[in-house]
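K.L.:
pasting the structure only:
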């Protein structure tokens, strides 16, 4: 199938299927903006994959499955963020209520030392690590580091 034919097929398919996609995703996510975004992401995925892999037997089902998988990923991400936010709030409340500070220390035991380890990570180039350390730990500006 040539590019213009594929484009016409996708245009027609999008006009016919986008309302169903958006409606299903909106029900799953409870958010119309995210539903529209993920439906369009599924269309972009089709534009990327179909020219290389061919058009699936049921293109509408392919779009729906792709959009739903992305919605499930979005829901998982929201759930993880909510869990992390609740954990941070709990830690802050414990700390504010006078809980023993040693409970909040991790295996390193010092936030600044942790920052040194992050800035000097072996995955960073040596000059980048030095610049990052000077910026984060010494408070130097980019101009002063240069």
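P.N.:
Done, it's in. Keep in mind that this is a model prediction, so the values were computed, not measured.
K.L.:
check what pLDDT residue 89 gets.
P.N.:
Per-residue pLDDT puts residue 89 at 87.
K.L.:
where does the protein dip in pLDDT?
P.N.:
Scanning the chain for pLDDT under 70 picks out 1, 96-111.
K.L.:
in it, which spans are helices?
P.N.:
Secondary structure of the chain by DSSP state H: the helices cover 3-29, 32-53, 59-96, 111-119, 126-137, 142-145.
K.L.:
so can I have TSV of those showing mean neighbour count?
P.N.:
Every C-beta, even on glycine, is put in place using the N, C-alpha and C of the backbone. Listed next are the helices of the chain as TSV, based on neighbours: other C-beta atoms under 10 Å:
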stretch	mean neighbour count
helix 3-29	14
helix 32-53	16
helix 59-96	13
helix 111-119	13
helix 126-137	14
helix 142-145	10
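K.L.:
stretch 21-34: how far from the chain's middle?
P.N.:
18 Å (C-alpha atoms, centre = their mean, to the nearest Å).
K.L.:
pull the residues that contact that stretch.
P.N.:
For stretch 21-34, contacts defined as C-beta atoms under 8 Å, 6 or more residues apart in numbering pick out 35-36, 38-39, 42, 63-64, 67-68, 71-72, 74-75.
K.L.:
any chance of those in a markdown table, with distance to residue 7 too?
P.N.:
Putting the contacts of stretch 21-34 into a markdown table (distance: C-beta to C-beta, whole Å) gives the following:
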| residue | distance to residue 7 |
| --- | --- |
| 35 | 24 |
| 36 | 21 |
| 38 | 21 |
| 39 | 18 |
| 42 | 16 |
| 63 | 15 |
| 64 | 20 |
| 67 | 20 |
| 68 | 24 |
| 71 | 26 |
| 72 | 29 |
| 74 | 28 |
| 75 | 32 |
